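**Student:** Got a sequence here, can you model it:
(2 chains)
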Amino acid sequence: MNTRNDKQTCFLQLIETHKGILYKICRIYQDKKEDQQDLLQEMILQLWRSYDSFRGESQFSSWMYRVAFNTAISYFRKEKQHYTSSLDPYHDLPDELRTVKEKEEQLAVFYKAVQQLNKVEKALIFLYMQGQSGDEIAGILGISSVNVRVRLNRTKEKIKYIIKTLGYEF
Amino acid sequence: MNFDDLKNEWADDISKDVPLDTKKVPLDKTRSTIDRLKINMRREFFGLGLSYFFIFLAFFILSKPYLSFLIGGTACLILLMQTIYFCYHCYIFYKQLERSDLSLRKNIRKIAYDLELNIERYKTYSFCSMPIGILTCVAYLNTDRVGQLLKQTFYAGSIVQIKPLLITGIIIIFAQLLSYYLSKMHINWQYGRYLRELKQVMNDLEEDN
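**Tutor:** Down below sits the predicted model:
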């Protein structure tokens, strides 16, 4: 019983340390607050269920990325937004977005642009923003480093284009 | 705006208001594809159990003549063996769905492959159980009154009538095909959409240059 409690305490401490990263993944994959909250709960649950497979051989964050992305990508959503080139520059941007500080606004625009990407591109751009190397990204996604480089460039170009169509300079 | 600026802002963005209670592990039901699959599988398993309960109940209540008992009993036993085989493989798939610490590509490929295999197994099971179901029904119907009716329909004196026999054959084949088509629709609706979603991710992960 004690061992189980210790394990749970240890797990929850790790989650407390990394919850900001998990929440960022949720913001990348879901645009509505309640969906982000649900996905976050789901990730914690899947991390807990898989916790026995974490043996400390790799960093906790690398293992966590794998489980979190597998969860986020297999998370069912009824409607999937598709990328279109005919976006209205201020299409359904929240009002408060226009009044917040420039920094926060830029990040909010970035999150909005990322919503237009497919699930794999979202994972790629997240890991890139987290400062993961090409090899690390390749290991997490299970594709080659060359492929990571090619796809990342393509995804960055796509984001640039979307941000421009939203009416911002890039 | 550029990516370097965004990366700096991203690093500075330490979400202070993460809506998460880290005092306990959440144990609520979730909405992930995997969990929905599992919920569907559990529901179908209980549905299957319930339908077999009624099949066996009807068998013991209705089939009194010895021949009916033999035919019905054999059909039920074959049906039971097929069901055990099907449920066993479903259970293995169900348990394997827990693992999610593989790389994204491996994990999605494995789930999609296993899911597709199980969908095909389910379709085959539905297709094979239908004739046995018909055989069980025939055994149930083996009463004097039904026997008399069949005799009137299929025989003219001691000669077998081809026309009613052909019509019955066509009805049975049609029932088989219809039930297969309906079960295929049901399986695609229950599991196919998840497979399509996983395959979409697999396509997105395909190596291209």
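
**Student:** Show me what the helix or strand where residue B:194 lies is packed against.
**Tutor:** Counting by DSSP states H and E, the element that carries residue B:194 is helix B:193-205. Using 3 or more C-beta pairs under 8 Å, 6 or more residues apart in numbering or on different chains; DSSP states H and E, the elements in contact with helix B:193-205 are helix A:119-129, helix B:33-62, helix B:104-140. Bear in mind the C-beta positions are built from the backbone N, C-alpha and C, glycine included.

**Student:** In chain B, what helix or strand scores lowest on average pLDDT?
**Tutor:** helix B:33-62 (a mean of 79; mean pLDDT, DSSP states H and E).

**Student:** moving C-terminal of it, what's the next helix or strand?
**Tutor:** Downstream of helix B:33-62, the first helix or strand assigned by DSSP H and E is helix B:66-96.

**Student:** So for residue A:23, which of the helices and strands packed on helix B:193-205 sits nearest?
**Tutor:** For residue A:23, the closest of these is helix A:119-129, at 11.7 Å, according to C-beta to C-beta.

**Student:** quick check, that closest one touching chain B?
**Tutor:** Yes. Shown here: helix A:119-129 in contact with chain B (C-beta under 8 Å from any C-beta of the partner chain) through A:119, A:120, A:121, A:123, A:129.

**Student:** looking just at contacts, which helices and strands does the helix or strand following that helix meet?
**Tutor:** Counting by DSSP H and E, the next helix or strand C-terminal to helix A:119-129 is helix A:134-141. Here helix A:134-141 touches helix A:60-73, helix A:119-129, helix A:145-165, helix B:104-140, going by 3+ C-beta pairs under 8 Å, 6+ apart.

**Student:** Residue A:14 - how many residues pack around it?
**Tutor:** 18 (other C-beta atoms under 10 Å in any protein chain shown).

**Student:** Test my guess that it contacts residue A:61.
**Tutor:** No. Between residue A:14 and residue A:61 there is no contact under C-beta atoms under 8 Å: 9.4 Å.

**Student:** show me what contacts the residue nearest the centre of chain B?
**Tutor:** When C-alpha atoms, centre = their mean is applied to chain B, the residue found nearest the centroid is residue B:122 (4.5 Å). Contacts for residue B:122 (C-beta atoms under 8 Å, 6 or more residues apart in numbering or on different chains) come out as B:86, B:187, B:191.

**Student:** Also residue B:134?
**Tutor:** Counting by C-beta under 8 Å, 6+ apart, residue B:134 has contacts B:172, B:175, B:176.

**Student:** how near is it to residue B:111?
**Tutor:** According to C-beta to C-beta, to the nearest Å, residue B:134 and residue B:111 sit 35 Å apart.

**Student:** what about chain A, any weak spots by pLDDT?
**Tutor:** A:1-2, A:4, A:57, A:76-103 (pLDDT under 70).

**Student:** Show me which helix runs longest in it.
**Tutor:** helix A:2-29 (DSSP state H).

**Student:** Which strands or helices does that helix pack on?
**Tutor:** Using 3+ C-beta pairs under 8 Å, 6+ apart: helix A:2-29 touches helix A:33-50, helix A:60-73, helix A:102-114, helix A:119-129.

**Student:** How about the second one, which residues are buried there?
**Tutor:** Going back to what we said before, that points to helix A:60-73. A:63, A:64, A:65, A:66, A:67, A:68, A:69, A:70, A:71, A:72, A:73 (16 or more other C-beta atoms under 10 Å in any protein chain shown).

**Student:** do that helix and chain B meet at all?
**Tutor:** Yes. On the criterion C-beta under 8 Å from any C-beta, helix A:60-73 is in touch with chain B at A:63, A:66, A:67, A:69, A:70, A:71, A:73.

**Student:** now that helix: how far from the chain's centre is it?
**Tutor:** The chain centre lies 10 Å from the centre of helix A:60-73; the measure is C-alpha atoms, centre = their mean, to the nearest Å.

**Student:** can you check the longest one too?
**Tutor:** On the basis of C-alpha atoms, centre = their mean, helix A:33-50 sits 13 Å off its chain's mean C-alpha point.
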